[in-house]
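Student: below is the sequence, then the predicted model.
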Amino acid sequence: MSNIQEHIEALRSELRTHNHNYYVLDSATISDYDFDIKLKELQELEAKHPEFFDANSPSQRVGGTVTKNFETIKHAYRMYSLENSYSKEDLLDWETRIEKLIDGDVQFTCELKYDGASISLTYEHGKLIKAVTRGDGFQGDNVTANVKTIKSVPLQLKGDYPETFDIRGEIVLPFDGFNKMNEDRIEIGEEPYRNPRNTASGSLKLQDSAEVAKRPLECLLYNLTGTNLGVTSQFESLEKAREWGFKVPEVAKLANSIDEVLEFINYWDIHRHNLPFETDGVVVKVNDLQQQEELGFTSKAPRWAMAYKFKAEQVSTRLNSITYQVGRTGAITPVANLEPVELAGTTVKRASLHNADQIERLDIRVSDMVYVEKGGEIIPKILGVDLSERPENSKPTEYITHCPECNTLLERKEGEAQHYCPNYNGCNPQIIGRIQHYISRKAMDIDGLGGETVALLVNEGLITNYSDLYELTKEQVIPLERMAEKSAEKLIEGIEQSKNIPFERVLFALGIRYVGETVAKKLARHYKSIDAIREATQEQLENVDEIGIKIAESVCLFFTSEENNETINRLKSFGVQLEMSAEELVGKTILLQGQSIVVTGVFETISRNELKKLIEDNGGKVSSSISSKTSFIVAGDKMGPSKKEKAEKLNIDLITEAEFLQMVSMG
Ligand code: AMP
Ligand code: ZN
């Protein structure tokens with residue numbers, strides 16, 4: 001092996017281990033920053049030496065392949081369904097059937113039933129060869145490129161794995177990641193995803209694997225399939241799979257009787273609410289693989305396994321009223337206000353009714369007794385109406401026709417479920433919502449100004465759009481509720497400071513529908529100024545990498561409004577950055593934006609002042625003392641021992657001069 005090849009292999013192996021520690025074992029053994037440095041190094045080497053390409057290199061996890069049509073692949077072993085049970089009696093009946101077919105004692109493995117999208121992974125010589133969806137059980141879609149981006153799926157196994165085998169599991173989207181995705185959706189005016197399961201299975205069929213890579217999916221494994229697997233029981237196979245590098249939840253337990261199975265079920269019926277991902281039941285399997293083979297399959301499911309479905313918790317309560325909320329984008333959401341009721345450990349007072357169609361389909365009326373369920377959805381959902389309790393004089397719900405806030409006639413576009421208030425510039429929640437978005441942390445990050453103050457300023461008639469912020473005076477602000485001289489000063493100062501925020505963030509802050517952080521960056525870097533974007537035609541916009549029709553349309557629409565153009569001109573006149581600065585254009589970056597960096601020690605190739613300038617040129621902040629806010633430390637020779645100790649205590653990364661220089665030159 002050549003030196004370079006050895007180096008590439010060593011990097012791959014190291015990154016693989018860190019990935020496994022982080023995504024499978026949940027314990028990080030490297031900082032994100034160091035990981036990125038090593039990954040970049042690997043990517044560069046691989047680019048320079050295509051002869052050492054490996055489809056299963058950790059560098060392949062970032063995705064990038066686009067699949068237009070997913071190839072259909074036959075499963076080597078059929079993917080069966082599971083039989084369902086709902087009670088102790090069902091389980092005892094099952095046990096009796098088993099005992100008739102086999103001799104000897106039966107032990108059971110109990111596992112959770114993960115609620116996501118099933119997947120079958122094929123490994124040969126320890127490498128992931130393909131990933132196929134369940135499909136109809138006989139054949140499914142080849143989604144290998146997408147599955148490779150899921151970090152808990154090992155691309156290369158370790159230990160004494162069989163030469164070839166299939167392993168089955170479930171691809172899930174943990175709640176945290178799901179909620180985060182929804183926050184981002186709401187921020188750009190998209191409807192949030194309804195539940196993690198559908199979002200997980202939808203993700204597998206995305207055409208662009210780089211998009212899949214951004215989604216925090218996980219793969220939980222539960223079944224080994226093949227010949228000569230070297231295991232004799234289900235429980236053992238779970239342990240082995242874990243050793244080879246797969247993510248197999250640790251909750252699985254052995255049970256010697258149906259009573260012990262029920263203990264497991266009862267425990268998890270309560271504790272599942274604390275799990276990071278969704279479960280809809282328990283799967284009980286005959287543990288001994290020899291016994292499994294004797295039991296075999298029915299036409300649909302194995303005889304040796306049984307799903308036990310948890311009851312989704314459900315209650316009925318009175319619907320007191322329906323109110324309508326207006327979002328930042330003008331979207332109307334009907335909300336059910338309920339008589340407060342306990343459900344799955346929380347008090348439920350409200351439920352989403354989604355849209356007009358939903359209300360009509362379920363014929364939901366005020367004063368009805370409605371069934372409420374907390375299932376996969378985060379927000380409780382109304383399943384239906386108890387008609388026997390319907391008051392005699394009840395009338396069907398008439399959906400509002402006018403905006404509850406500004407009384408404008410609502411619109412509903414063809415093919416869209418939501419009604420919208422079109423009064424973009426005159427509807428209070430839209431005005432307030434847009435300004436709140438403008439000042440928010442990821443946008444203009446205005447210190448000293450919060451969402452409630454924005455509402456006050458609008459309601460007092462002091463501002464009607466975000467450009468008005470720049471004309472506010474201290475004297476106007478002081479009389480507001482909970483304002484004082486000091487806080488008013490801070491607010492004005494914060495607004496002033498926002499004139500330094502770089503163009504790409506300003507573009508995001510404008511709140512153009514579908515223009516989220518990433519899209520704003522793309523557009524800003526491509527066009528370099530608001531005027532160039534304004535002049536672009538829809539067709540030209542669509543031709544920009546990763547800008548689709550929906551975004552292009554929305555951007556054009558934004559600039560057709562006289563008022564929007566006026567607002568932008570005003571922002572410009574106040575000195576807000578509406579084009580890339582000269583520095584950005586000549587290669588300065590925002591690589592270190594938001595980072596607070598400490599420089600300490602003696603440097604070899606560069607002076608301390610030059611180093612500080614480099615940090616600032618890349619958008620970072622130089623700070624003189626180490627604190628919990630420090631992002632990292634550039635450490636030269638002779639770093640003081642007390643500083644070293646402090647950095648260790650706060651777990652702050654130290655990087656060398658050379659590493660830092662590499663980092664900024666890569667920006
Ligand atoms: P069903 O779709 O209701 O027939 O249930 C069968 C599905 O449950 C299988 O296709 C698996 O994708 C899924 N499942 C989730 N967790 C497990 C588990 N621990 N063992 C077996 N199957 C599971
Ligand atoms: Zn309105």
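Tutor: On my side now, so go ahead. Ligands and ions are numbered 1, 2, ... in the order given.
Student: only C-alpha atoms for contact and neighbour calcs from this point on.
Tutor: Fine.
Student: helix or strand right after the helix or strand residue 475 falls within?
Tutor: Per DSSP states H and E, residue 475 falls inside helix 474-477. Once helix 474-477 ends, the next helix or strand along the chain (criterion: DSSP H and E) is helix 485-497.
Student: list of residues touching that next one?
Tutor: With contacts defined as Cα atoms under 8 Å, 6 or more residues apart in numbering, helix 485-497 is touched by 446-449, 469-470, 472-474, 477-478.
Student: recalculate using a threshold of 7 Å.
Tutor: Helix 485-497 is contacted from outside by 446-449, 470, 474, 477-478, using Cα atoms under 7 Å, 6 or more residues apart in numbering.
Student: cool, and stretch 294-303?
Tutor: For stretch 294-303, contacts defined as Cα under 7 Å, 6+ apart pick out 80-83, 101, 304.
Student: show me what the helix holding residue 475 is packed against.
Tutor: Helices and strands touching helix 474-477, by 3 or more Cα pairs under 7 Å, 6 or more residues apart in numbering; DSSP states H and E, are helix 485-497.
Student: same question for the helix it packs on, mean pLDDT?
Tutor: Averaging pLDDT along helix 485-497 gives 94.
Student: buried ones in it?
Tutor: Going by neighbour count (16 or more other Cα atoms under 10 Å), the buried part of helix 485-497 is 487-492, 494-496.
Student: any idea which element the residue of the stretch 101-250 of the chain found nearest ligand 1 lies in?
Tutor: Closest approach between the stretch 101-250 of the chain and ligand 1, counting by Cα to the nearest ligand atom: residue 113, at 3.5 Å. Residue 113 is part of strand 108-114 when elements are defined by DSSP H and E.
Student: outside of that strand, which residues touch it?
Tutor: The contact list for strand 108-114 (Cα under 7 Å, 6+ apart) reads 170, 234-235, 251-256, 261, 278-287.
Student: filter the residues you listed down to the buried ones, ChimeraX style.
Tutor: Only the buried members of the contacts of strand 108-114 end up in this ChimeraX selection, burial being decided by 16+ other Cα under 10 Å:
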select :170,234,235,252,254,255,261,278,279,280,281,282,283,284,285,286,287
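Student: re the thing from before, so the residue of the stretch 101-250 of the chain closest to ligand 1 versus ligand 2, what's the distance?
Tutor: Using Cα to the ion, to the nearest Å, we find residue 113 at a distance of 45 Å from ligand 2.
Student: list the beta-bridge partners for that residue.
Tutor: residue 281 (DSSP bridges).
Student: do the one 10 residues further on as well
Tutor: Per DSSP bridges, the residues bridged to residue 123 are residue 128, residue 165.
Student: pLDDT value on the residue of the stretch 101-250 of the chain closest to ligand 1, please?
Tutor: In this prediction, residue 113 carries a pLDDT score of 96.
Student: for it, grab the count of nearby residues.
Tutor: Residue 113 has 19 neighbouring residues, counting by other Cα atoms under 10 Å.
Student: which positions in the lowest-mean-pLDDT helix or strand in the chain come out as buried?
Tutor: Ranked by mean pLDDT, DSSP states H and E, the weakest helix or strand in the chain is helix 582-585, scoring a mean of 74. For helix 582-585, burial by neighbour count (16+ other Cα under 10 Å) applies to residue 584.
Student: mind exporting the C-alpha coordinates of it to CSV?
Tutor: Backbone C-alpha positions of helix 582-585 (Å, rounded to 0.1, in the frame of the first residue of the first chain) are rendered in CSV as follows:
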residue,chain,number,x,y,z
ALA,A,582,-16.2,45.0,-0.3
GLU,A,583,-14.4,42.7,2.2
GLU,A,584,-16.8,39.8,1.5
LEU,A,585,-16.3,40.3,-2.2
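Student: helix or strand next in line after it, which one?
Tutor: Remark: after helix 582-585, the chain's next helix or strand is strand 596-600, criterion DSSP H and E.
Student: touching that following strand from outside, list them.
Tutor: Residues outside strand 596-600 that contact it (Cα under 7 Å, 6+ apart): 620-626, 629-636, 639.
Student: pLDDT weak spots in the stretch 301-450 of the chain?
Tutor: Counting by pLDDT under 70, the stretch 301-450 of the chain contains low-confidence ranges at 344-345, 375-378.
Student: and the protein, which of its residues are near ligand 1?
Tutor: Counting by Cα under 6 Å from any ligand atom, the residues of the chain close to ligand 1 are 81-82, 111-115, 118, 170, 222, 283.
Student: for residue 512, state which of the residues you listed is nearest.
Tutor: Nearest to residue 512 out of these is residue 115 (Cα to Cα; 35.2 Å).
Student: how about the helices in the stretch 351-500 of the chain?
Tutor: All helices of the stretch 351-500 of the chain, identified by DSSP state H, counting those that start in this stretch, fall at 356-362, 428-439, 451-459, 474-477, 485-497.
Student: now swap in the stretch 101-250 of the chain and tell me
Tutor: Going by DSSP H, counting those that start in this stretch, the stretch 101-250 of the chain shows helices at 144-147, 175-187, 196-204, 209-214, 234-244.
Student: mind checking how far residue 396 is from ligand 2?
Tutor: Going from residue 396 to ligand 2 by Cα to the ion gives 24 Å.
Student: go ahead and confirm that residue touches residue 365.
Tutor: Yes - under the criterion of Cα atoms under 7 Å, residue 396 makes contact with residue 365 at 5.8 Å.
Student: neighbour-wise, which of the two wins?
Tutor: When residue 396 and residue 365 are compared for neighbours, residue 365 comes out ahead with 23 against 11, by other Cα under 10 Å.
Student: count of neighbours near the closest residue in space to the more buried one that isn't next to it in sequence?
Tutor: Of all residues not flanking residue 365 in the chain, residue 397 sits nearest, at 5.3 Å (Cα to Cα, 6 or more residues apart in numbering). Using other Cα under 10 Å, residue 397 has 14 neighbouring residues.
Student: quick one on the thing from earlier: closest one to residue 196 out of the residues of the chain next to ligand 1, please.
Tutor: Out of the residues of the chain next to ligand 1, the member with the shortest distance to residue 196 (by Cα to Cα) is residue 115, at 8.5 Å.
Student: ok, for the closest one, nearest residue in space, not its chain neighbours?
Tutor: Take residue 115 and drop its neighbours on the chain: the residue closest to it by Cα to Cα, 6+ apart is residue 279, 5.1 Å away.
Student: measure that neighbour to ligand 2 for me?
Tutor: For residue 279, the distance to ligand 2 (Cα to the ion) stands at 40 Å.
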